[in-house]
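Enquirer: The sequence isn't on hand, but the structure is:
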């Protein structure tokens, strides 16, 4: 109430000094305010945006910010009234209007760093033609792995009980019975390998799942989190895991899919040439 009275008194004093009616003074203030809003639009919007960013804890100096619209992907080094500066990983600096962080979307990777784990989400494509059932002998061969012992014991028991019930019901057909597959056993091996890996965070989501088949084969997706958010360490852990997965796939008689290369076509040509020579010699 006091503030309103003071404003009214000031308007009356100005109107008396200028010899104009209070209405003209008020309209003049309105026009001046519009001009000031136009001139200082960016600072005002930036100031309001800065308050929102701070109040909602959306961004702070040191956060990893990614904003494709402005080609920004790096660490926030400065938050000003009108602009936010981001040092990209290639050491260039991107300047973003502070108001854009409110009106547009961006990714703040600070949550990942605070959580203490970085996600691995990558697929390995299996050639569908290499997927098959595995024999009892092959089960015995892979049972020597401590990573598969528990899985094989539980799976064998589960399948045996199912097949026993099938036979009791008089359904003894091969198609009605369950058997282990090489891709299922391989998936169980990868999961056990990740659970025993010292650099995988066991308190976060961890799974190996089979995705929908594509023209490139059947994707097996590894989904887990490392125990570090340091980029170089993360890449090293991820590479080590997939080095092992690619190398061990052949143990389960699985072929990893890749598009034919020059080596593959040369192998086909050499095979056809040898076959043709053998046919000629035979005739």
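Expert: Good, I have the coordinates. The model shown is predicted, which means the values in this text are computed figures rather than measured ones.
Enquirer: Tell me the predicted confidence for residue 3.
Expert: Reported pLDDT at residue 3 in the predicted model: 62.
Enquirer: Next, the contact list for the nearest residue to residue 197 once chain neighbours are set aside, please.
Expert: The shortest distance from residue 197 to any non-neighbouring residue, by CB to CB, 6 or more residues apart in numbering, is to residue 241 (7.0 Å). (Each C-beta comes from the backbone N, C-alpha and C, glycine too.) Residue 241 makes contact with 120, 193, 194, 197, 222, according to CB atoms under 8 Å, 6 or more residues apart in numbering.
Enquirer: so how far is residue 112 from residue 241?
Expert: Between residue 241 and residue 112 the computed distance is 19 Å (CB to CB, to the nearest Å).
Enquirer: Give the residue spans of the stretch 1-150 of the chain that score low on pLDDT.
Expert: By pLDDT under 70, the weakly predicted segments of the stretch 1-150 of the chain are 1-4, 7, 11, 25, 32, 34-42.
Enquirer: What segments of it are helices?
Expert: For the stretch 1-150 of the chain, the helices defined by DSSP state H, counting those that start in this stretch cover 2-18, 22-39, 41-55, 100-103, 110-115, 136-142, 149-168.
Enquirer: Can you spell out which helices and strands pack onto the last one?
Expert: When you say that, I think you mean helix 149-168. helix 136-142, helix 182-196 (3 or more CB pairs under 8 Å, 6 or more residues apart in numbering; DSSP states H and E).
Enquirer: hmm, back to that, let's have the helices of the stretch 1-150 of the chain in CSV, adding mean neighbour count and distance to residue 258.
Expert: Below are the helices of the stretch 1-150 of the chain laid out as CSV (neighbours: other CB atoms under 10 Å; distance: least, CB to CB, whole Å):
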stretch, mean neighbour count, distance to residue 258
helix 2-18, 11, 75
helix 22-39, 11, 60
helix 41-55, 15, 46
helix 100-103, 17, 42
helix 110-115, 14, 31
helix 136-142, 13, 24
helix 149-168, 13, 28
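Enquirer: Out of these, flag the one nearest residue 268.
Expert: Nearest of these to residue 268, taken as CB to CB: helix 136-142 at 28.6 Å.
Enquirer: ok, back up a step: out of the helices and strands packed on helix 149-168, nearest to residue 54?
Expert: Closest among the helices and strands packed on helix 149-168, using CB to CB: helix 182-196, at 39.5 Å.
Enquirer: immediately after the closest one, which helix or strand?
Expert: Next along the chain after helix 182-196, taking DSSP states H and E as the criterion, comes strand 207-210.
Enquirer: which residues are in contact with that next one?
Expert: For strand 207-210, using CB under 8 Å, 6+ apart, the contacting residues are 183, 187, 190, 191, 194, 218, 219, 220, 221, 222, 223, 224.
Enquirer: For the last one, list each beta-bridge partner.
Expert: Legend: beta-bridge partners of residue 224 under DSSP bridges are residue 120.
Enquirer: Show me which positions of whichever helix or strand the residue nearest to residue 197 is part of end up buried.
Expert: Using DSSP H and E, the element containing residue 241 is helix 231-248. By neighbour count on 16 or more other CB atoms under 10 Å, the buried set for helix 231-248 is 234, 237, 238, 241, 245.
Enquirer: So the last one sits against residue 189, correct?
Expert: Meaning residue 245. No. Counting by CB atoms under 8 Å, residue 189 is not a contact partner of residue 245; they are 9.1 Å apart.
Enquirer: how is the chain carved up into domains?
Expert: As given by automatic domain parsing, the domain ranges for the chain are 1-30, 60-114, 119-252.
Enquirer: I'd like to know how far residue 82 sits from residue 95.
Expert: 9 Å.
Enquirer: Same question for residue 219.
Expert: For residue 219, the distance to residue 95 - CB to CB - is 40 Å.
Enquirer: repeat for residue 198
Expert: 42 Å.
Enquirer: Name the residue in those two with the higher neighbour count.
Expert: residue 95 (13 against 6; other CB atoms under 10 Å).
Enquirer: Just the buried residues of the contacts of strand 207-210.
Expert: Among these, those scoring as buried are 183, 187, 190, 191, 194, 218, 219, 220, 222, 223, 224 (criterion: 16+ other CB under 10 Å).
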